[in-house]
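>>> structure of the sequence below:
(chains A and B)
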Number of protein chains: 2
Amino acid sequence: MADDDQVILLDFWASVFGMRVRIALAEKEIKYESREEDLFGKKSDLLLKMNPVYKKIPVLIHNGKPVCESLIIVQYIDEVWKDRSPLMPSDPYERAQARFWADFIDKKMYLPSRRIRTTKGEEQEAAKKELFEIFKILEEELGDKPYFQGEAFGFVDISLITFSSWFHTFETFGNFSLEVEFPKIIAWTKRCMERESVAKSLPDPKKIWTFSVERRRELGLD
Amino acid sequence: MADDDQVILLDFWASVFGMRVRIALAEKEIKYESREEDLFGKKSDLLLKMNPVYKKIPVLIHNGKPVCESLIIVQYIDEVWKDRSPLMPSDPYERAQARFWADFIDKKMYLPSRRIRTTKGEEQEAAKKELFEIFKILEEELGDKPYFQGEAFGFVDISLITFSSWFHTFETFGNFSLEVEFPKIIAWTKRCMERESVAKSLPDPKKIWTFSVERRRELGLD
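Numbers count the residues shown, from 1 in each chain, chains lettered A, B, ... in the order given. All right, here's what the predicted structure looks like:
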């Protein structure tokens, strides 16, 4: 793509979905303008215009044209800026497997990870149990590979690593240690965090914790 | 791919997800062996082995290796047998748009279309209202184009057309006419049905109706 491409990202700092796009853009070294949306106030006219179906961030606006849904945006970025840092495997079968796992993470992780911090008692216990089942499947799939797709950091890693900025919050609300329960996942998290693209795209876990405590108070839970 | 490729599809005749794979295989003129799963009895050992995460059809087994999740399978088929009948647009932006709409259909259509035939009263009315909202968005997106991606039949059409074998059932339970409410969608349905790949992959709507009535009776609704 040309150097004078205009790239705008409609984002929200604490969003695991927004972070995915930030990492992909950083991996490809693409300059972009980030516009922070106020998810709890009025949505911007630009967001409503660019994502009329879901009215949600992230939205990537490339030369005026919007792309919505984080995993679709990451694939788009990989296909447009294909000359550097490939995120998808080149083999069709491995690509299908990468799509399967990214889709699994997309379908399974969000709801229990939201419930563990917005509920209490039995409901919170059920969310914890559900999260453990998902992490168990993911730890088995990771196995002894350095990254989910093998030797190289890629699409599946991007899909999951953004949740790690929330791990401290999940652990504190759920009263468990991911390092004890899922050591391979935590070792993989540390490996990913050594990449500048990841480290600079994820917010401080303490900031996420403060944000979560505030949300819980607003919900009247504590 | 070589002519001696072994392709097996684990399928269920009434599944809108299984039908998607059937259409893609027919578009590419790929010979395959279909194995019907008994979704209401015991799942086959092969299904449990090939899709341990979801234990669901469809599963495409290509030379012994499984691919799961219908939209991922259709993309895999398109990428492996890329020399004929392209299903995805060649332009990355159009490809992202095709993925967006197929994903929208995948996320939104199934639950209300299931509820409209497995509930009654207010719940059924709510499902009907939800289905109408989805069809409205899809009819606007289709507009005056012959197919969702433009001039050529493709990925988005495959994602949605399989529901058309259930339309008669939805209309009868919901007491409405899709032809009256969404004439462009119905004109598009007829256009798709002129393709042999679609016509031969979709079951007779009357058979789906009988199947649905039987399911309702088993659920004790009628």
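>>> can you give me the helices in chain A?
For chain A, applying DSSP state H gives helices covering A:16-27, A:45-50, A:70-80, A:92-108, A:110-118, A:121-142, A:155-161, A:167-174, A:178-181, A:183-193, A:196-199, A:205-218.
>>> now the fourth one: buried residues?
Read it as helix A:92-108. A:92-93, A:95-106, A:108 (16 or more other C-beta atoms under 10 Å in any protein chain shown). Using the backbone N, CA and C atoms, a C-beta is placed for each residue, glycine as well.
>>> near chain B, from the residues you listed?
A:92, A:93, A:95, A:96, A:97, A:99, A:100, A:103, A:104 (C-beta under 8 Å from any C-beta of the partner chain).
>>> give me every residue that touches the nearest residue to residue A:87 once chain neighbours are set aside.
Nearest non-adjacent residue to residue A:87, counting by C-beta to C-beta, 6 or more residues apart in numbering or on different chains: residue A:78, 4.3 Å away. Taking C-beta atoms under 8 Å, 6 or more residues apart in numbering or on different chains, we find residue A:78 in contact with A:24, A:28, A:86, A:87, A:88, A:155.
>>> switch to 10 Å and redo it
Residue A:78 makes contact with A:24, A:27, A:28, A:84, A:85, A:86, A:87, A:88, A:154, A:155, A:158, B:92 under the criterion C-beta atoms under 10 Å, 6 or more residues apart in numbering or on different chains.
>>> what's the PyMOL syntax to select whichever of these are buried?
To isolate the buried members of the contacts of residue A:78 in PyMOL, using 16+ other C-beta under 10 Å:
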select buried, (chain A and resi 24+27+28+85+87+88+154+155+158) or (chain B and resi 92)
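>>> tell me the least confident of the contacts of residue A:78?
Sorting these by pLDDT puts residue A:84 at the bottom of the list (93).
>>> what about that one, distance to chain B?
15 Å (C-beta to the nearest C-beta, to the nearest Å).
>>> how about the nearest residue to that residue, chain neighbours excluded?
Per C-beta to C-beta, 6+ apart, closest to residue A:84 is residue A:28, 5.9 Å.
>>> isn't the one you found up against residue A:85?
Yes. Using C-beta atoms under 10 Å, residue A:28 is in contact with residue A:85, at 5.7 Å.
>>> what touches both of these two?
A:77, A:78, A:197.
>>> domains for chain A, by residue range?
Domain ranges of chain A: A:7-80, A:92-218, per automatic domain parsing.
>>> can you lay out those domains as TSV showing distance to residue B:38?
Below are those laid out as TSV (distance: least, C-beta to C-beta, whole Å):
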stretch	distance to residue B:38
domain A:7-80	33
domain A:92-218	24
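>>> for residue B:71, find the nearest of these.
Minimum separation from residue B:71 across the domains of chain A (C-beta to C-beta) falls at domain A:92-218, 8.4 Å.
>>> for the residue nearest to residue A:84, give me its contacts.
A:1, A:77, A:78, A:80, A:81, A:82, A:83, A:84, A:85, A:86, A:87, A:197 are the contacts of residue A:28 under C-beta under 10 Å, 6+ apart.
>>> show me the shaky parts of chain A.
Scanning chain A for pLDDT under 70 picks out A:1-3.
>>> give me the neighbour count for the closest residue to residue A:184 other than its chain neighbours.
Spatial nearest neighbour of residue A:184, excluding adjacent residues (C-beta to C-beta, 6+ apart): residue A:139 at 5.1 Å. When neighbours are defined as other C-beta atoms under 10 Å in any protein chain shown, residue A:139 has 16 of them.
>>> list the contacts for residue A:139?
Here residue A:139 is in contact with A:181, A:182, A:183, A:184, A:185, A:186, A:188 (C-beta under 10 Å, 6+ apart).
>>> drop anything exposed from those residues.
If we count by 16+ other C-beta under 10 Å, these have these buried: A:182, A:185, A:186, A:188.
>>> as a markdown table, those with distance to residue A:59 would be great.
Below are those laid out as a markdown table (distance: C-beta to C-beta, whole Å):
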| residue | distance to residue A:59 |
| --- | --- |
| A:182 | 32 |
| A:185 | 30 |
| A:186 | 32 |
| A:188 | 29 |
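>>> residues in contact with the closest residue to residue A:13 other than its chain neighbours?
Excluding its sequence neighbours, the residue lying closest to residue A:13 (C-beta to C-beta, 6+ apart) is residue A:203, at 5.6 Å. By C-beta under 10 Å, 6+ apart, the residues touching residue A:203 are A:13, A:14, A:15, A:19, A:162, A:165, A:166, A:211.
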